[in-house]
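Asker: pasting the structure only:
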């Protein structure tokens with residue numbers, strides 16, 4: 001394990017990735033990899049491998065000098081494509097006959113002929129996933145004592161997601177979605193040797209990230225039960241789901257992140273003193289709007305034909321408020337300060353002593369809910385703003401005088417993890433004052449007669465006198481600390497004689 005104090009936002013393994021640089025010679029590569037399911041062994045139980053149908057990876061690199069000995073470039077491109085089989089229709093309620101193909105065909109016909117929408121297909125021959133990446137790096141030898149680099153990279157990913165298949169549930173394709181992700185990153189670094197005993201590194205980066213659930217159909221969520229009605233009069237399993245998946249009505253995450261890192265190494269005889277800072281500013285927009293199109297449960301196909309639901313759920317912004325009012329919007333900053341002494345005690349023994357402190361800063365405050373505090377005794381506007389995390393670290397390395405390279409190494413230290421943005425974001429998106437959740441049942445005063453099934457996702461029926469309107473409130477304890485773990489290890493390494 002590495003106990004260096006510059007490590008932040010990681011409680012497990014740390015992987016350093018280095019982008020290749022150009023040289024004084026022009027070099028390029030073209031490559032490709034292909035495999036299909038026949039090239040993969042059977043599953044451990046002896047059944048055929050069904051992880052994918054085929055996979056292709058191809059790309060190219062090219063680099064060289066813009067000014068010999070001074071300025072270099074390196075460019076790379078890569079694309080990954082995977083075709084995966086559709087859902088297994090021989091398992092679950094479709095496979096055991098609890099839901100038949102005729103049942104599915106009847107539901108598809110009702111959706112189209114009675115309500116005028118496409119309920120989706122049963123299964124798919126192939127589901128496509130793709131990842132496309134570009135990157136460009138420039139290296140500049142400014143002087144004999146200073147060098148700089150700039151890197152730009154972009155990634156586009158499209159992953160097919162099949163929802164609603166289990167031992168008791170099946171779904172049509174209108175319940176599936178594509179998970180779209182994009183990342184654009186810019187990084188600039190400056191390395192300087194000021195004297196024989198002092199060097200510095202400065203790094204500034206900016207990243208835009210977006211993750212969006214793109215449903216194959218924009219509809220309310222619909223579930224039909226094929227089992228016995230429950231004692232409460234609700235749909236019984238197994239179920240067939242179609243329409244937009246419950247949590248995919250609105251599901252969008254966008255972040256804009258600035259990072260700055262500065263560190264100095266001061267060489268003092270047997271000691272190397274490292275000190276510096278890192279600062280992150282993360283602008284977050286997270287729109288999570290489940291059930292915004294409405295979610296209907298029907299006890300039978302005939303009930304679906306007649307529009308007689310047994311359970312109806314809906315979440316909406318507060319009356320008169322826009323959809324954007326339910327999103328979590330805030331800026332999370334973090335300032336880290338660190339210092340470390342690496343002491344070469346002898347040619348064999350090196351000791352490493354370090355300390356870092358991270359301070360989160362969240363100037364934005366969730367909307368205060370006085371009723372929730374009165375009922376539960378907690379302030380929902382509390383965040384982790386100002387909760388410092390002190391992280392002492394120690395490491396050592398002892399090299400033995402032996403014929404083959406042999407060493408004993410180890411250490412102990414506290415490591416802070418990545419910010420728990422889901423916890424924080426929930427306090428902004430679930431204040432109890434921005435979202436209304438309705439829960440209506442067949443025996444309420446307002447049922448399917450007053451709130452008829454409507455396949456239009458933008459005009460779901462809204463109860464005028466709801467039987468149950470829920471206030472969802474997220475609380476963070478004032479004692480909540482940043483995620484962190486203590487790590488320690490002791491390792492013995494030696495070169496074997498063969």
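Answerer: Great, that's in hand. Computed from a predicted structure; not experimentally measured. Numbers count the residues shown, from 1 in each chain.
Asker: Going by C-alpha atoms from here, please, whenever you check contacts or count neighbours.
Answerer: Fine.
Asker: State the mean pLDDT of stretch 444-452.
Answerer: Mean pLDDT, stretch 444-452: 93.
Asker: what does that stretch rub up against?
Answerer: The contact list for stretch 444-452 (CA atoms under 8 Å, 6 or more residues apart in numbering) reads 307-310, 440-442, 461-463, 465-467.
Asker: hmm, 7 Å instead?
Answerer: Here stretch 444-452 makes contact (CA atoms under 7 Å, 6 or more residues apart in numbering) with 307-309, 440-442, 461, 463, 467.
Asker: Pull out the buried residues from stretch 463-470.
Answerer: Under the neighbour-count criterion of 16 or more other CA atoms under 10 Å, stretch 463-470 has 463, 466-467, 469 buried.
Asker: Of all the contacts of stretch 444-452, the one with the weakest confidence?
Answerer: residue 467 (75).
Asker: quick one, phi/psi of that one?
Answerer: phi -70, psi -30 (degrees, to the nearest 10).
Asker: Surely it touches residue 440?
Answerer: Yes: taking contacts as CA atoms under 7 Å, residue 467 lies within contact range of residue 440: 6.3 Å.
Asker: could the contacts of stretch 444-452 go into TSV alongside distance to residue 83 and secondary structure?
Answerer: Shown next, in TSV, are the contacts of stretch 444-452 (distance: CA to CA, whole Å; DSSP: H, G, I helix; E, B strand; the rest coil):
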residue	distance to residue 83	secondary structure
307	38	coil
308	40	coil
309	38	coil
440	41	strand
441	42	strand
442	43	coil
461	39	coil
463	44	coil
467	47	coil
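Asker: Kindly reformat the residues you listed as TSV containing distance to residue 112.
Answerer: Below are the contacts of stretch 444-452 laid out as TSV (distance: CA to CA, whole Å):
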residue	distance to residue 112
307	14
308	17
309	18
440	26
441	26
442	25
461	20
463	26
467	31
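Asker: from these, which is closest to residue 371?
Answerer: residue 467 (20.2 Å; CA to CA).
Asker: where's the closest one relative to residue 446, distance?
Answerer: 8 Å (CA to CA, to the nearest Å).
Asker: From residue 46, how far off is residue 75?
Answerer: Distance from residue 75 to residue 46, by CA to CA: 44 Å.
Asker: Those two: which is more packed in?
Answerer: Higher neighbour count among residue 75 and residue 46: residue 75, with 22 against 8, using other CA atoms under 10 Å.
Asker: in this structure, which helix or strand is least confident?
Answerer: strand 469-470 (a mean of 76; mean pLDDT, DSSP states H and E).
Asker: Tell me the helix or strand right after that strand.
Answerer: strand 484-494 (DSSP states H and E).
Asker: Just list what that next one packs against, helices and strands only.
Answerer: Here strand 484-494 touches strand 406-416, going by 3 or more CA pairs under 7 Å, 6 or more residues apart in numbering; DSSP states H and E.
Asker: between the strand it packs on and strand 484-494, how many degrees?
Answerer: 170 degrees (axes from the mean of the first three to the mean of the last three CA atoms, to 10 degrees).
Asker: Give me the sheet partners of strand 406-416 and which way each runs.
Answerer: Note on strand 406-416: by DSSP bridges, its sheet partners are strand 389-399 (antiparallel), strand 484-494 (antiparallel).
Asker: I'd like the average pLDDT over the first one.
Answerer: The predicted model assigns strand 389-399 a mean pLDDT of 96.
Asker: try the last one
Answerer: Across strand 484-494, the average pLDDT comes to 94.
Asker: Please list the residues outside it that contact it.
Answerer: 1, 11, 404-417.
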